[in-house]
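Enquirer: got a predicted model here, sequence first, then my questions.
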Amino acid sequence: MNILGIETSCDETSAAVVRDGREIVSLVVNTQIDLHRVYGGVVPEIASRLHIESIDEVVSRALRQAKMTMQDVDAVAVTAYPGLIGALLVGVNFAKGLAYSWDRPLVPVHHIRGHIASNYLTHPDLEPPFLCLIASGGHTNLAVVEDYTRMRLVGRTRDDAAGECFDKIARVLGMPYPGGVEMDRAAQRGSVGAYHFPRVKVEGSPLDFSFSGLKSAAINLLHNLEQRGETVAVDDFAACFSDALVGELIDRLALALDGTGLKKVALAGGVSANTLLRARAGALCRERGCELFLPELSLCGDNAAMIASQGYYEFLAGARAGLDLNAAATKALTWEQSPRAGV
């Protein structure tokens, strides 16, 4: 079964064709990074307009790359939630028109479920159940993936997301957007120990995250150093901050393994590309005798292949949408689609 996936939740316009949920036949990603870099982050209105300008060509390129036409496509899957509402609406409306004009089933896909599905594309042998840490610019969750379309949330951030913290501190340090990549590079050059950051626990919810205090502590430390006229060792600062943030992620992952007894672990989301996180997750899984599944670096960020992959499993579960499908800026990961998921 060939699924055409469309992704426009943030600043990547992407389309892909995936066969049977596991094989990437084509993938096109049109990034807006250079256009947002001047602002230090994504400007939602600009992102929406750029999606409008490029989506038709991106989808056409994905079909040409796959050497297919819409006649070869069995269903259209689109990111409908969560994300920037204006950006989502571009993809959803384009997908509705495409599905209607070619009389193809339309399948709405949850963006974070798509990130989890990036592991199915990298590891054809991966099957639920498994424990997944999803960390990105807007989300930080620990979920038990019980089935392809059924997830149980066991931990979440109470405030900021891990990726947002990396981006914010990178910006304060004077690094260009996207900051997470620059922080990763700097951290690999730096040494741990020069700067110290707090660790935060959420009382009564040991698997939940809270990163706002860590972010504030880092910003305050930088301001204090600046006021005292002291030079900041940027690489060391990045290494220490990364050590603290990744330490929080790994601590919760270890606790979740203890609580669930699962022996398969996956990472997903943009932060899953972080070098330190991948290394420490590997060390934890070796220590616990668990299998670790990591998405290819090219699939850690937003892309339509992961949407097509998850769309395949949503389709098999009976999910369909009509022309009344609407985008939503927020939607729980544990939400279960009804067979007729139009709203």
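Expert: Good, I have the coordinates. Keep in mind it's a predicted model, so treat the numbers as computed, not measured.
Enquirer: going forward, measure contacts and count neighbours with C-alpha atoms only.
Expert: Will do.
Enquirer: can you pull the buried residues of stretch 60-80?
Expert: By neighbour count, and taking 16 or more other C-alpha atoms under 10 Å as the criterion, the buried residues in stretch 60-80 are 60-63, 66, 68, 70, 73-80.
Enquirer: next one: stretch 143-150
Expert: By 16+ other C-alpha under 10 Å, the buried positions in stretch 143-150 come out as 143, 144, 145, 148, 149, 150.
Enquirer: contacts for that stretch?
Expert: The contact list for stretch 143-150, computed with C-alpha atoms under 8 Å, 6 or more residues apart in numbering, reads 128-134, 151-155, 310, 313-314, 317, 334, 336.
Enquirer: which of these count as buried?
Expert: Burial by neighbour count, 16+ other C-alpha under 10 Å: within these this picks out 129-134, 151, 154-155, 310, 313-314, 334.
Enquirer: among the contacts of stretch 143-150, name the ones in strands.
Expert: Taking DSSP state E, the ones among the contacts of stretch 143-150 that sit in strands are 130, 131, 132, 133, 134, 151, 152, 153, 154, 155.
Enquirer: okay, these in a markdown table with distance to residue 288 next?
Expert: Putting the ones in strands among the contacts of stretch 143-150 into a markdown table (distance: C-alpha to C-alpha, whole Å) gives the following:
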| residue | distance to residue 288 |
| --- | --- |
| 130 | 14 |
| 131 | 13 |
| 132 | 15 |
| 133 | 16 |
| 134 | 20 |
| 151 | 23 |
| 152 | 22 |
| 153 | 22 |
| 154 | 19 |
| 155 | 20 |
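Enquirer: looking at those, which is nearest residue 219?
Expert: residue 134 (24.9 Å; C-alpha to C-alpha).
Enquirer: contacting residues around that closest one?
Expert: Counting by C-alpha under 8 Å, 6+ apart, residue 134 makes contact with 112, 115, 116, 140, 141, 142, 143, 267, 268, 269, 272.
Enquirer: I figured residue 319 hits residue 107, correct?
Expert: Yes: between residue 319 and residue 107 a contact is recorded at 6.1 Å, counting by C-alpha atoms under 8 Å.
Enquirer: who has more neighbours, those two?
Expert: Taking neighbours as other C-alpha atoms under 10 Å, residue 319 and residue 107 compare with residue 107 leading, 35 against 23.
Enquirer: I'd guessed the more buried one sits against residue 81; true?
Expert: No: at 12.0 Å, residue 107 does not count as touching residue 81 under the criterion of C-alpha under 8 Å.
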